[in-house]
Structures are given as C-alpha cells and as structure tokens.
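Student: fold the following for me, if possible:
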Amino acid sequence: MRVELLCTGDELVTGLTTDTNSPYLEARLFELGVKVRRVVLVGDVREDITLALREAAARSDMVIVSGGLGPTADDFTAECAATAAGVPLVEDAGTLQFLRERVAKRGRELTPNVARMALVPEGSEVVPNPVGAAPLFILRLGGCRLFFLPGVPREYRALVDGEVLPRVRAELEKRPGRTYRAFRLLRTVGIPESVLDARVAPLAAAHSRVVFGFRTHAPENQLKLMAEAPSQSEADAALAAAEAAARRELGLAVYGSDADTYPEVLGRLLTEARATLALAESCTGGLIAAQLTGVSGASNFLLGGAVVYTEQRKRAWAGVPAELLERHGAVSRPVAVAMAEGIRAACKTTYGLSVTGFAGPTGGTPEDPVGTVYCALAAEGAPTRCERFSIPGDRDLVRLFAASNALELLRERLLTVSAP
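Tutor: Got it, this is the predicted structure:
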C-alpha cells in the first residue's frame, strides 16, 4: 500500500512548530507493516496545498492530511480539498449541530468562523471528532482515499487510533496475496548504534524473512525487527525466532520492547524486589528524579532525594564529610560514594544512588575534564559500587547520559539480585 502524509501550516515550514504528528503516525503504520513513502510539508498557500493534494493522490493509495481545519482565516484545507476534487463545499448538518451544542455548553453563541468547520467537500464521509471540534472527513480523488484530520496533536492522535488505523487495517486485509507482517522494537541502553549494528549483522543472514533496522533516541538505541511472510502465523514465528536470537546476542543491553520506557521498567523491577531508592544528584540537577516520578506509583519505590549542587548541600543533605570534599573535590570517586551512602542512610532506603560530574562547558580538571561523571550505588548489605564515565557532547547530552549511566548501575544490580 502506497501511503503519503501531507501536513499543512506556515508554522511547520518556518520552524515555529515541529511536526510531531507524522512521526506518531509513521510508527503506528509501520507496526501494521506499512512504510510511509513520503512526508510533505506545505505552507498556508491555497494553490500550493491544492497542487500538493493532487500530486499526492496521483502517487498514492492513501494520503493522510493534517492541519488547516480550524476556525481561523488561515484554515482553508477543506476549501483546497474541494478545489482539488472539483466539487463544492457543503454544510454537514451533523457537524453543525455538534458545534452549536458545543459552544452552548460554554455559554456562547455559534459564530460564523466556528460554523465554517462544518463545511466539507461534497461526497465526503464525515467522522465526528471525539476530543475536539473539527471533524475528520474522508474524500476520494481518483483511486486514492484522502483522510483530513485536525493538526492539534491530541485530536490527531485520537482520530488516527480510533478511525484511520482501523480503516488501514481493513484495507490491508482485503488485498489479495497480501504480505503479512509482524513487528518488534527492542530497546537497548549502554551500547552504541554502530556496535549494535555490528553485533546483530550476522543474525540478518540467518533470518531472511526479517528486516533489521535501527533508530537512535538518546540515551538509548533501538533495534527494529519486521518479519514478512505469506501468513500471519509464519510472520509471527519468524519474528519470534529473530527476537530470541537478538536477545541472546545483546543480553542485558535490552531493557524492554515496543512501548516500554526505561523508567517504567526500572519502576517494575524496584516494585517486584520490594526495594526503595533515594537519590543524591549534583550535575543532573534532579533529572533522575524527574524521570522516575513520571511513573505512576513512583512513591512506592522512590522515597526521596536531594539536588546537592553545592559542596555545602553535599555536606548537609547527603552527609559528605568536609575532609573528603577538601581532599578529593566534589567531582570524585570518594565523594560520589559518600553521597550514595549518605542519602541512603538519611532516607533509610534499600538503595542510594548518586551522580556528580562536570557537565560543561566550563569546569573540569586535567585529570577529570568536562564530561567526566562519577555515579555510585549504595546497597543494603553490599559494597558500594562507583563507576567513572567520560561522556562526549554538550551540557544537555552529558546530563542525559549521566542520568542513564547512574540508573544502569541500579538496573544491573536489581537484575543480578533477582537472577536465579
């Protein structure tokens, strides 16, 4: 199936807004085995949008269009769709009634600009918007079906998941001699993309029905596996075999799959171990705590923490002895160890995790230049582990990987303790 995405709006072509809708839909379609052929961005120019619609329809079986369906003067995608199809705009009675009721609930009257959202090209299939005002409408142009969605990400995703993807799936199932696909995304940490590619390269030859792909989303690298076969059962079996081989090769570097997130996986490990955690963060400035508290139920395992950005706070909140700071400096192995042990003792937790380093661009020493980070893990009844990392990149990247490396100490410990 030939699928293209068309996104409209001056904000997209001037850099004011980043297109987040297309990556979301691309990923969802890829899970169905459909690889988007082209993504086109078009500014708010009627002639350009109309031409882009005609060109995309001539190349594709399906085009998903986003943006330009609202009530403002620069929202004229429906008008362009009607021009491209050579039909007039007509008022959809159901949408107009919905808009009247919607504004009445807010104590307002329906204004002409809002009522414009009920205008759709004649012959369109109109689908109500479950989380917004402007509806989805579907229009045929030659042999192509075009789906027109609002550009607001929350509305776009609701209509993609609830209306567009089921129709794509149904279309795929009707096609004779179709190829069946199965998809898995393996998420890894602590292994560079080039190393990941080299390690799984021998597997590709042994699993000819599976396409191996890669994606970087710092601090993790992802391995994409897509199996293709004449039946779904064969595709599922081919995928399972390739996934098992990849997991054997990569070992603990694989932390999860598909929709898993690193904080959620770590939260599950802590919960299953009935373990608790306290944090002492210096250069990461609370980044680790922010990641973990994004997990629902984080209070079950994260009892507390401190951003100990100065030496004074390291002494007061993490119990770091003054003589250690004077002798070794704030960015050092002994201080990282003392931070982890001190915060664990202060919070009375199973684990204490610390990070201190030079995030840059200033700071650093000849022995520990910018990018040097020390991470330590203090565990109940075990020696404290401390690792030194040299992280290239700017300040944001150093902080991101510092948080990731610190959490990896904890994940490795949890997996080791729980291993039979």
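
Student: what about residue 181, which SS state?
Tutor: Three-state assignment for residue 181 (DSSP: H, G, I helix; E, B strand; the rest coil): strand.

Student: right, and it touches residue 32 too?
Tutor: Yes: applying C-beta atoms under 8 Å, one finds residue 181 in contact with residue 32, separated by 7.2 Å. Yep, even glycine has a C-beta here, placed from its N, CA and C like the rest.

Student: before we move on, which element is residue 58 in?
Tutor: Here residue 58 sits within helix 46-59, counting by DSSP states H and E.

Student: pLDDT on that helix, on average?
Tutor: If you average the pLDDT over helix 46-59, you get 98.

Student: now do the helix or strand just after that helix: everything it contacts.
Tutor: The first helix or strand that comes after helix 46-59 along the chain, using DSSP H and E, is strand 62-66. Here strand 62-66 makes contact (C-beta atoms under 8 Å, 6 or more residues apart in numbering) with 1-8, 21-22, 25, 53, 56-57, 77, 81, 144-151, 156, 160, 164, 168, 171.

Student: so where is the chain shaky, pLDDT-wise?
Tutor: Counting by pLDDT under 70, the ranges of the chain that qualify are 418-420.

Student: against which helices or strands is the helix holding residue 58 packed?
Tutor: Counting contacts by 3 or more C-beta pairs under 8 Å, 6 or more residues apart in numbering; DSSP states H and E, helix 46-59 is packed against strand 3-8, strand 38-42, strand 62-66, helix 77-85, strand 136-141, strand 144-149.

Student: and the residue of the chain positioned farthest from its centre, what element?
Tutor: Centroid-distance maximum for the chain: residue 323 at 44.1 Å, with C-alpha atoms, centre = their mean. Using DSSP H and E, residue 323 sits within helix 322-328.

Student: what are the contacting residues of the following helix or strand past that helix?
Tutor: As assigned by DSSP H and E, the chain's next helix or strand after helix 322-328 is helix 333-347. Identification of contacts with helix 333-347 by C-beta under 8 Å, 6+ apart yields 276, 278-280, 282, 303-306, 308, 314, 317-321, 324-325, 327-329, 350-356, 374-378, 380, 384, 386, 388.

Student: just checking, what packs against the helix or strand just after helix 333-347?
Tutor: Note on helix 333-347: by DSSP H and E, the next helix or strand toward the C-terminus is strand 351-357. Where contact means 3+ C-beta pairs under 8 Å, 6+ apart, strand 351-357 is packed against strand 277-281, helix 333-347, strand 372-379, helix 395-418.

Student: sorry, back to before: who has more neighbours out of residue 181 and residue 32?
Tutor: Comparing residue 181 with residue 32 by neighbour count (other C-beta atoms under 10 Å), the higher total belongs to residue 181, at 23 against 15.

Student: quick check: closest non-adjacent residue to the more buried one.
Tutor: residue 33 (2.9 Å; C-beta to C-beta, 6 or more residues apart in numbering).

Student: next, the angle from the helix holding residue 58 to strand 144-149.
Tutor: Per axes from the mean of the first three to the mean of the last three C-alpha atoms, to 10 degrees, the angle that helix 46-59 makes with strand 144-149 is 130 degrees.

Student: got the CA coordinates for helix 46-59 in CSV?
Tutor: What follows is helix 46-59, C-alpha atoms only, in CSV (Å, rounded to 0.1, in the frame of the first residue of the first chain):
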residue,chain,number,x,y,z
ARG,A,46,-4.1,27.8,-1.3
GLU,A,47,-2.5,27.0,-4.6
ASP,A,48,0.3,25.0,-3.0
ILE,A,49,-2.0,22.9,-0.8
THR,A,50,-4.3,22.2,-3.8
LEU,A,51,-1.4,21.1,-6.0
ALA,A,52,0.2,19.0,-3.2
LEU,A,53,-3.2,17.2,-2.7
ARG,A,54,-3.5,16.4,-6.4
GLU,A,55,0.1,15.2,-6.7
ALA,A,56,0.0,13.0,-3.6
ALA,A,57,-3.3,11.5,-4.7
ALA,A,58,-1.8,10.6,-8.1
ARG,A,59,1.1,8.8,-6.5
